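> sequence-free structure coming up:
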């Protein structure tokens, strides 16, 4: 199926070079894509599963809602062109070569919103659901889009500082960048003008509820499956998450009492969190100290997992620090672990180990580079239609946070705190999209369990609102890997038998969780047994 789609839509054939250009081409040829998918027959189980997901009736609505403030084609372009490390890559050159396509992006997005907001007829959508589409968003979410739609142009000095090219080649690349930026900026201005019309529409509506709950529960169930590659019962999952949250909070309290002995037995988890946040030993004295500690931790785990334990690695992970009030704390892309130091004064030392394990080795860096360099027959399929592998990708990232060596009690606090955060995501995501609870209600719930500010939590809530089901993938994928170890009778996560299993999982590559369970004879109906 994927080879036919690539040929008919003139898409990239090398998984390493798939870019926003291919996303634009798919958008421009959506009718042709639908025709190929609808008329394709497959006998391969994984391809058939992906095909069936794409053909489900619910996918028509979810696809329409795919471009929003948190995730859209222009944001994906900005992700590359706003990164000085990306300008010397083949991906940037592809964007430069096809830069004329960028001007077509605003209309692709506007066309969808003409259906979503203004109810323009769309044959594939039930008329009743068509009337409800605009309720997926509210004024706050559209306003966030207006604030973030415009990227900030790179400074020439930023690019020259990191590029390893000769001065002559740097100058040529910078000229290319200016041409791409012009197209991108003009597209952003056009979209921003349209967003102003959306704000006029949304402001008087006073919509407090966002997400899938307006359409019916089957749409959220579809979103969950489309990110997990696994059918789950939201109610059963929610009950399990509450029990898991209680377990993790009990564990966190035990570790906190070890590092802060003078705690009161009556202290609740929130009050204990506030105490560790104020601990002077866990604060950074400077940005320089922060960067050095992160670099040292990356080197530590590259030495252990790659050089000693023989985990696959094709390129060394790099640490890239940046300062932005609009982006999250850390993420991985194109061989780089991007760490946001905007709020470095509030960042804590006890989170370093978990973040490094998740984003670099043996987490996303190990996982992604192996996927790109040891190709299997489904690599391109997942490259283009890989949302159902997010449970595998992010599940492994979360699971990797538990694979630290020579860790302190403080490091364990960081690991458990992050896992509590991912468990909360399940409860909040289901609350928003299945039960129809408001972002404000979900913010209050998260405030009870996190040391984050109300504004930071609200940013998280609206991220979940924009991509129903995605935030659930971390903890669900983690649970699958946990169950695999139980099945293999592995009790020590760092024993040789476990490391051998991890290598196999990584080298086998991404799959929908349904097929991971099948590979290891797991009954996915019992993953969340209470």
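Here it is on my side, so go on. Computed from a prediction, not measured in an experiment: that's the story for all the values here.
> right, and residue 371 touches residue 510 too?
Yes - the pair residue 371 and residue 510 passes the contact test of CB atoms under 8 Å, sitting 6.1 Å apart. Every C-beta, even on glycine, is put in place using the N, C-alpha and C of the backbone.
> Find the residues that touch each one of the two.
Counting by CB atoms under 8 Å, 6 or more residues apart in numbering, the shared contacts of residue 371 and residue 510 are residue 382.
> got the buried residues for the helix or strand that residue 54 is a member of?
Element membership for residue 54, per DSSP states H and E: helix 45-55. For helix 45-55, the neighbour count (16 or more other CB atoms under 10 Å) marks 46-47, 49-51, 53-54 as buried.
> Okay, domains of the chain per the record?
2-217, 234-525 (automatic domain parsing).
> so can I have a markdown table of those showing distance to residue 226 and mean pLDDT?
A markdown table is the format used below for those (distance: least, CB to CB, whole Å; pLDDT from 0 to 100):
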| stretch | distance to residue 226 | mean pLDDT |
| --- | --- | --- |
| domain 2-217 | 6 | 93 |
| domain 234-525 | 6 | 93 |
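> From those, pick the one with the highest average neighbour count.
Using mean count of other CB atoms under 10 Å, the stretch among the domains of the chain with the greatest mean number of neighbours is domain 234-525 (a mean of 18).
> how long is it end to end?
One end of domain 234-525 sits 12 Å from the other (CA to CA, to the nearest Å).
> and that domain, how far from the chain's centre?
Offset of domain 234-525 from its chain centre (CA atoms, centre = their mean, to the nearest Å): 11 Å.
> How about stretch 195-213?
Taking CA atoms, centre = their mean, the mean C-alpha location of stretch 195-213 is offset from the chain mean by 25 Å.
> got it, and stretch 42-56?
What separates the centre of stretch 42-56 from the centre of its chain is 23 Å, taken as CA atoms, centre = their mean.
> Any chance of CSV for the domains of the chain, columns distance to residue 228?
Output for the domains of the chain, formatted as CSV (distance: least, CB to CB, whole Å):
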stretch, distance to residue 228
domain 2-217, 11
domain 234-525, 4
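> follow-up on the earlier one: and the helix holding residue 54, what other elements does it pack with?
Applying 3 or more CB pairs under 8 Å, 6 or more residues apart in numbering; DSSP states H and E, we find helix 45-55 packed against helix 30-38, helix 379-385, helix 513-519.
> Turn the ones you listed into a markdown table, columns for distance to residue 101.
Compiled in a markdown table, those are given as follows (distance: least, CB to CB, whole Å):
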| stretch | distance to residue 101 |
| --- | --- |
| helix 30-38 | 15 |
| helix 379-385 | 17 |
| helix 513-519 | 34 |
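> Between these, which one is closest to residue 305.
Among the helices and strands packed on helix 45-55, helix 513-519 comes nearest to residue 305, with 21.0 Å by CB to CB.
> Hmm, residue 360 and residue 315 touching each other?
No - between residue 315 and residue 360 there is no contact under CB under 8 Å: 11.3 Å.
> Find the helix or strand that residue 21 is a member of.
Here residue 21 is covered by helix 20-28, with elements defined by DSSP H and E.
> repeat for residue 4
Assessed by DSSP H and E, residue 4 sits inside helix 2-9.
> Check residue 368 too.
For residue 368, the element it lies in under DSSP H and E is helix 364-373.
> Repeat that for residue 416.
helix 409-433.
> After that helix, heading C-terminal, what element do we hit next?
As assigned by DSSP H and E, the chain's next helix or strand after helix 409-433 is helix 439-447.
> tell me what the next helix or strand after that following helix is packed against?
Helices and strands here follow DSSP H and E; after helix 439-447, the next one along the chain is helix 454-466. Packed against helix 454-466 by the contact rule (3+ CB pairs under 8 Å, 6+ apart) you find helix 139-148, helix 409-433, helix 439-447.
> Repeat the analysis, applying 6 Å as the threshold.
When contacts are defined as 3 or more CB pairs under 6 Å, 6 or more residues apart in numbering; DSSP states H and E, helix 454-466 sits against helix 409-433, helix 439-447.
> Could you pull out the helices in the stretch 201-350 of the chain for me?
With DSSP state H, counting those that start in this stretch, the ranges of helices along the stretch 201-350 of the chain come out as 217-228, 234-259, 269-277, 287-302.
> Tell me the confidence at residue 220?
Confidence at residue 220, expressed as pLDDT, is 96.
> Quick check: it vs residue 27, distance?
From residue 220 across to residue 27, the span is 25 Å (CB to CB, to the nearest Å).
> Tell me which residue of this structure is furthest from the middle?
residue 262 (38.5 Å; CA atoms, centre = their mean).
> and residue 126, what is it in contact with?
With contact set as CB atoms under 6 Å, 6 or more residues apart in numbering, residue 126 has no partners.
> Then residue 354?
401, 414-415, 418.
> what two of these are the furthest from one another?
401 and 414 (8.4 Å).
> Is residue 111 in a helix, a strand, or coil?
The three-state label given to residue 111 by DSSP: H, G, I helix; E, B strand; the rest coil is helix.
> Help me confirm that residue 380 comes into contact with residue 2.
Yes - contact criterion CB atoms under 6 Å: residue 380 and residue 2 qualify, at 4.9 Å.
> Nearest residue to residue 222 in space, please, no chain neighbours.
In space, and not counting its chain neighbours, residue 222 is closest to residue 58: 3.8 Å by CB to CB, 6 or more residues apart in numbering.
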